[in-house]
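1. sequence and predicted structure below; questions after.
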Amino acid sequence: MKKKELEILLERVDDIKEPDADWEQYSTPATVASELLYFAFMNGDIEDRIVYDLGCGNGILGIGAKVLGAKEVIGIDSDKKAIEVALLNCKKLDVEVEFRRCDVRLVEGEGDTVVMNPPFGAQRKNRHADRVFLENAFEIAPVVYSILNTGSESFLRSFMPTAVIHRFPVAFPLKRRFWFHKKDKKVIPVDIYRVERT
């Protein structure tokens, strides 16, 4: 499957109806999801691999990983509503992904790859959430693909000084989602990272 075909397919994924601002429930746009997944696919980290999607939300990354040939995909989210939407999206697209309702700090399991769009920790109640997700991602798998704020590379290198890090910038189109958003749409520069534990 070509990247554009994946993007078109992922545009069919439904969003969470009432997202929680405190938990930074921002849906990953199909354009960004397909970029991350194709990056992972081209590096041999998806096909025939066990893939975990941490903070899976509506399931877009996990569904895309399964479409690209992952052997097994496990989506993790602590929000019951998110899991329900993710299951409906799997049914809609006829894709088999296992979803577990669980705090990311309590995940048990072993995989080959983690894909995630973690909360950036921008909300007061959610400070350092990105760090929590990264720490736990590397408990699960040696390779992690993550969307992070532009300029996070220095943080990553201090956080994991021996890791092999690759990044590329993407535009994250953010639609008006919460009461404090002033514009209907805002494009935020972010980076997609591939981080490999050594």
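-> Done, it's in.
2. ok, Asp79 to Val51 distance?
-> Between Asp79 and Val51 the distance is 20 Å, computed by CB to CB, to the nearest Å. (Glycine included, C-beta is placed from N, CA and C.)
3. looking at these two, which is more packed in?
-> It is Val51, of Asp79 and Val51, that has more neighbours when counted by other CB atoms under 10 Å, with 30 against 18.
4. just checking, next helix/strand downstream of the helix or strand where the more buried one lies?
-> Take DSSP states H and E as the rule and Val51 turns out to sit in strand 50-54. Next helix or strand after strand 50-54 toward the C-terminus (DSSP H and E): helix 60-67.
5. which other helices and strands contact that following helix?
-> For helix 60-67, the elements it packs on are helix 3-10, helix 30-42, strand 50-54, strand 72-77, helix 80-93, strand 113-116, judged by 3 or more CB pairs under 8 Å, 6 or more residues apart in numbering; DSSP states H and E.
6. what are the buried residues along it?
-> Residues of helix 60-67 classed as buried under the neighbour-count rule (16 or more other CB atoms under 10 Å) are 60-67.
7. ok, so of those, who is nearest Thr150?
-> Leu61 (19.7 Å; CB to CB).
8. so who does that closest one touch?
-> 28, 33, 36-37, 53, 115-117 (CB atoms under 8 Å, 6 or more residues apart in numbering).
9. for Leu174, state which of the buried residues of helix 60-67 is nearest.
-> The shortest distance between Leu174 and any of the buried residues of helix 60-67, using CB to CB, involves Ile60 and amounts to 14.9 Å.
10. contacts for stretch 186-198?
-> The list of residues contacting stretch 186-198 from outside it, by CB under 8 Å, 6+ apart, reads 32, 35-36, 39-40, 43, 45, 134, 138, 142-153, 156, 160, 162-174.
11. local confidence estimate at Val132?
-> Predicted confidence (pLDDT) for Val132: 87.
12. surely it is in a helix?
-> Yes - secondary structure assignment places Val132 in a helix (DSSP: H, G, I helix; E, B strand; the rest coil).
13. separation between it and Val170?
-> Distance from Val132 to Val170, counting by CB to CB: 23 Å.
14. one step back: dump the helices and strands packed on helix 60-67 to JSON lines, plus mean pLDDT and distance to Asp103.
-> Conversion of the helices and strands packed on helix 60-67 to JSON lines gives the following (pLDDT from 0 to 100; distance: least, CB to CB, whole Å):
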{"stretch": "helix 3-10", "mean pLDDT": "96", "distance to Asp103": "26"}
{"stretch": "helix 30-42", "mean pLDDT": "97", "distance to Asp103": "23"}
{"stretch": "strand 50-54", "mean pLDDT": "98", "distance to Asp103": "11"}
{"stretch": "strand 72-77", "mean pLDDT": "97", "distance to Asp103": "9"}
{"stretch": "helix 80-93", "mean pLDDT": "96", "distance to Asp103": "13"}
{"stretch": "strand 113-116", "mean pLDDT": "98", "distance to Asp103": "14"}
